[in-house]
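Q: here is a sequence with its predicted model. Questions after.
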Amino acid sequence: MIEHGYTVSGMSCGHCAQSVTEELTSLPGVTEVDVDVATGRVVVRAGTALAEDDVRGAVEEAGFTYQGTASLVS
């Protein structure tokens, strides 16, 4: 399992998190998505590497702004 970290802006509520989760979960290989609305941090677990363009597209489809990759270390 590979963990990917991203930063997403524009989220403000649980519905926002749900929308991002649904879009990212639809990507091939994604098994789990954790969204922290307060920080904009999104952690995606997948069986394979994810293309950044695919992640950006999913986030934008959900209606939010993809800011780039983020460190998985807190």
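A: On my side now, so go ahead. Residues are numbered from 1 along each chain as shown.
Q: Glu22 should be in a helix, yeah?
A: Yes: Glu22 forms part of a helix when assessed by DSSP: H, G, I helix; E, B strand; the rest coil.
Q: which residues touch it?
A: Ala62 (C-beta atoms under 8 Å, 6 or more residues apart in numbering). Placement of C-beta: from N, CA and C, glycine included.
Q: give me the pLDDT for it.
A: With respect to pLDDT, Glu22 has a value of 97.
Q: and what of the one 3 residues further on?
A: Thr25 carries a pLDDT value of 97.
Q: against Ser71, how distant is it?
A: Remark: distance between Thr25 and Ser71 (C-beta to C-beta, to the nearest Å) = 22 Å.
Q: which one's more surrounded, these two?
A: Thr25 (14 against 8; other C-beta atoms under 10 Å).
Q: list the contacts of that one.
A: Val33.
Q: redo that, cut-off 10 Å
A: By C-beta atoms under 10 Å, 6 or more residues apart in numbering, Thr25 lies in contact with 31-33, 44, 46, 58.
Q: in TSV: the residues you listed, plus secondary structure, distance to Thr65 and pLDDT.
A: Formatted as TSV, the contacts of Thr25 follow (DSSP: H, G, I helix; E, B strand; the rest coil; distance: C-beta to C-beta, whole Å; pLDDT from 0 to 100):
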residue	secondary structure	distance to Thr65	pLDDT
Thr31	strand	25	96
Glu32	strand	22	97
Val33	strand	17	97
Val44	strand	17	97
Ala46	strand	21	96
Ala58	helix	12	98
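Q: now those as CSV including distance to Ile2 and neighbour count?
A: Shown next, in CSV, are those (distance: C-beta to C-beta, whole Å; neighbours: other C-beta atoms under 10 Å):
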residue, distance to Ile2, neighbour count
Thr31, 10, 11
Glu32, 11, 13
Val33, 13, 22
Val44, 9, 24
Ala46, 6, 20
Ala58, 16, 23
